[in-house]
Every structure is written in structure tokens, then in C-alpha cells.
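A.B. asks: Provide a 3D model corresponding to the input given below.
(2 chains)
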Amino acid sequence: MTERRQLTLVSINGPYRDEAIFTMMRLAHAAKENGVDVNFFNYLDSTVMGHRDQAPKEFPTIETIYANIIKKGLKNPKADAIACIKCTDARGVTKYQTEGVIIGGLYDLAEWISESDKTILLG
Amino acid sequence: MTWLNGSVNLIRPYCWGEDMNKKVNIIVSQPPYGKEDAYSAIPMAAVQASVSNEPSLIYVSGGVHSVVAGQKTSYGDLAVWLKDVPPIEAEIKKNLEIVKFYALDIDLEKRGISDEEIIPGIAKISLDELTDKIIEGDVTLVF
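C.D. replies: Model prediction:
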């Protein structure tokens, strides 16, 4: 069996204020549909996107989309998600991350960059 | 490990010429202090060395203001503010030995930043050299 390709998506912006996170979700979903493993690394404000109980009135809830993509990726191709602990602590969202998000650090990103076929930063 | 100048760095340094894993370029276009981006890009670059990647941090556009020496940050009375904003200059100096720092020459010129004002250890880079770096690099992330 050939090893699957791996894509790491780094994000730095929070949801709703701009469309970058939604674009990232569409990209991640498309990548998974095409058999690519996806790694989400949430840095700075984007750690808020995994926060539970979001209820935007006029937009799709980013947490639900994000959680769906992670859950759908428990098997192959898989999707992993890590939120930077310094950033989640600063914003008080460490304990309220959606299911599947692991609290990690920049060292995890360094390893992902090494392992992945491609790494991009959106936002 | 402890460097010759006495500063302690917990990140494993790489040796020049060592077999590198990946060339990682981090381009910062945002000016310091107004946004968190310019500060947070530095630790992201620094940890690359821990997995033997070769990190370069390149300041372009308004981002070149980060390389000016003599930055002083303060909100005011510490009794009220408790903490000052960390100066980017200190973060750059801390990581000079593990990250290669560059600033785009035309953007420095545009903003009237002279060579004497730049933090020692930061190299100037031309647009052609930056283009080569991006093409040669394995990963390029833009803040």
C-alpha cells in the first residue's frame, strides 16, 4: 500500500470576521474526499474556531463544520487537529474545544511540517 | 543548552551544513505591535530547528519595522498593566543563532530605515534573492 499524501493547514485568523476559515474548511473537505490526510494546526485567533457553543445568527457555525470534518476523518483518510496551548490559554478556550481537537504546541507543527507533503497558512 | 554569551536556549540548535530536513520560509508582512502576527511568527520559526528544519524569517512590507533596533514597549504604570508587551527585538535576538533573519531591502528603503538602525545579525535581501529562496524552499508560510 502506498502511503497517503499529507496536507497541513495552519490558520491564524478567527472565524466570521473574514472568510479565510470557511475557505480552509472547503479545502480540507476537498482534500479528504481526494484521499489526502489533513492536519489542522490552529494558531493565534483561529483557536477560537474550535470553541464549543458558538451560535452565529447569520453564518454557518464553524465549530460544527470543523468537528464534522475531524469526525469524518477518524478512519482513512484521517484528519487531525491541534490547537496551540499558549494561544488557547491566552483566550480562555483550552477547556472548551470541540471533540477531536488536541491541545498541543508549536513543536507539533514543526513535526507536521517535516512529515507533510505540503503545508500552507491561510488567513 | 547554554550559549557562549550566557543565554540559555532550550531549542536544539542545528549546525551549519548539517543535513537539513526541510527549508521553511516564514514571510512576515504585518507590522509589529498592531497585530500579534509579527511576534508569533518568531517562535514558529524557532521550533523548526527542533526537527532539523532550516528556518528563515523574512520581513517584507510593513513587517520591516520589526528589525529596527532600540524598541521600547510599555503600556504605562506596571501597577495597572501588570505586564508589558514583549519587545520583538528581544525575541529576534534570542533566536538569531537558530533562525536566519532577513529584511527586504526595497521595503526598508521605502520606509526610510537605514542600515545602522537594523538589529545586528539581520541580513538584507533583494526581491530576486527572495524569489530564489521561495523556489528553493520546501514550505513558505505568509503572515
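
A.B. asks: The lengthiest helix in chain A and chain B in contact?
C.D. replies: Assignment by DSSP state H gives helix A:20-33 as the longest helix of chain A. No: interface with chain B: helix A:20-33 contributes nothing (C-beta under 8 Å from any C-beta of the partner chain), its closest point being 12.1 Å away. All C-beta spots, glycine's among them, are computed from the backbone N, C-alpha and C.

A.B. asks: Please export the C-alpha coordinates of that helix as CSV.
C.D. replies: Provided in CSV are the C-alpha atoms of helix A:20-33 (Å, rounded to 0.1, in the frame of the first residue of the first chain):
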residue,chain,number,x,y,z
ALA,A,20,-10.5,32.5,5.3
ILE,A,21,-11.5,29.8,7.8
PHE,A,22,-14.5,28.8,5.7
THR,A,23,-12.3,28.6,2.6
MET,A,24,-9.9,26.4,4.6
MET,A,25,-12.8,24.1,5.6
ARG,A,26,-13.8,23.7,2.0
LEU,A,27,-10.2,23.0,1.0
ALA,A,28,-9.8,20.5,3.9
HIS,A,29,-13.0,18.7,2.9
ALA,A,30,-12.0,18.5,-0.7
ALA,A,31,-8.6,17.2,0.2
LYS,A,32,-10.1,14.4,2.3
GLU,A,33,-12.5,13.5,-0.4
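
A.B. asks: C-terminal to that helix, what's the next element?
C.D. replies: Beyond helix A:20-33 on the C-terminal side, the first helix or strand identified by DSSP states H and E is strand A:37-42.

A.B. asks: So which elements touch the helix or strand that that following strand is followed by?
C.D. replies: Sequence order places helix A:62-72 as the next helix or strand after strand A:37-42, per DSSP H and E. Packing contacts for helix A:62-72, counted by 3 or more C-beta pairs under 8 Å, 6 or more residues apart in numbering or on different chains; DSSP states H and E, involve helix A:20-33, strand A:37-42, strand A:79-84.

A.B. asks: hmm, back to that, avg pLDDT for the longest helix of chain A?
C.D. replies: What helix A:20-33 shows for mean pLDDT is 91.

A.B. asks: Next up, the contacts around A:Thr94.
C.D. replies: Residues in contact with A:Thr94 (C-beta atoms under 8 Å, 6 or more residues apart in numbering or on different chains) are A:Ala83, A:Ile85, A:Thr88, A:Ile103.

A.B. asks: what does stretch B:91-105 rub up against?
C.D. replies: For stretch B:91-105, the external contacting residues (C-beta under 8 Å, 6+ apart) are B:3, B:7, B:9, B:11, B:13-14, B:39, B:42-43, B:45-46, B:48-49, B:54-61, B:64, B:66-67, B:118-119, B:121-127, B:130.

A.B. asks: What subset of the residues you listed is buried?
C.D. replies: Among the contacts of stretch B:91-105, those classed as buried by neighbour count (16 or more other C-beta atoms under 10 Å in any protein chain shown) are B:11, B:14, B:39, B:42-43, B:45-46, B:48-49, B:54-60, B:64, B:66-67, B:118-119, B:122, B:124-125, B:130.

A.B. asks: Just the ones in strands from these, please.
C.D. replies: B:Glu54, B:Pro55, B:Ser56, B:Leu57, B:Ile58, B:Tyr59, B:Lys124, B:Ile125 (DSSP state E).
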